[in-house]
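[1] Fold the following and give me the result.
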Amino acid sequence: MLVPIDFEALNFSPIRSFLVNGKHGITRGGHAHRQGKQLLLRVSGEIQVNLALDGEEKSITLGPDSNAMMLSAPVWSSQTFHGESPGLIVFSDHPFDPSGYIVDRN
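    Alright, predicted model coming up:
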């Protein structure tokens, strides 16, 4: 698999990245951030991304035909992993800050 990423074309300057994986059916995330953007890039399996903002909810599936999405604060999200060895790489334009998390969906 070759996945080129041109951050300049996205008007996005990541400063950290991390890999998230889980067994089939596991849900991760379940929070929003007070600041910043994150690029979610599916590397394997299928990832269902649930989003919420101001009482509105939406679900997007990252798979072979649509394998990435940009997530901006303060959108709340969770990711449910499907398939064999599902994985996601997250690129963030903000440093890790535990006080920057918002757990409430509204």
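
[2] alpha carbons only for contacts and neighbour counts from here, please
    OK.

[3] Any idea what the residue nearest in space to the middle of the chain is bridged to?
    Within the chain, the residue whose C-alpha comes closest to the C-alpha centroid is Leu40; the distance, by CA atoms, centre = their mean, is 3.9 Å. Beta-bridge pairing of Leu40 under DSSP bridges involves Met69, Val90.

[4] And the one 4 residues further on, by the same measure?
    Ser44 forms beta bridges with Gly87, as assigned by DSSP bridges.

[5] quick thing: my sequence starts at 272, can you match it?
    Sounds good: first residue 272 from here, last item Ser315.

[6] Can you list the neighbours in contact with the strand or helix carrying Gly301?
    When elements are assigned from DSSP states H and E, Gly301 belongs to strand 298-304. Counting by CA atoms under 8 Å, 6 or more residues apart in numbering, the neighbours of strand 298-304 from elsewhere in the structure are 344-352, 371-376.

[7] For these, which two are the farthest from each other?
    The largest distance within the contacts of strand 298-304, taken as CA to CA, falls between Phe352 and Gly371 and amounts to 24.3 Å.

[8] what separates Lys344 from Asn282, distance-wise?
    Quick fix: residue 344 is Ala, not Lys. Taking CA to CA, to the nearest Å as the measure, Ala344 falls 15 Å from Asn282.
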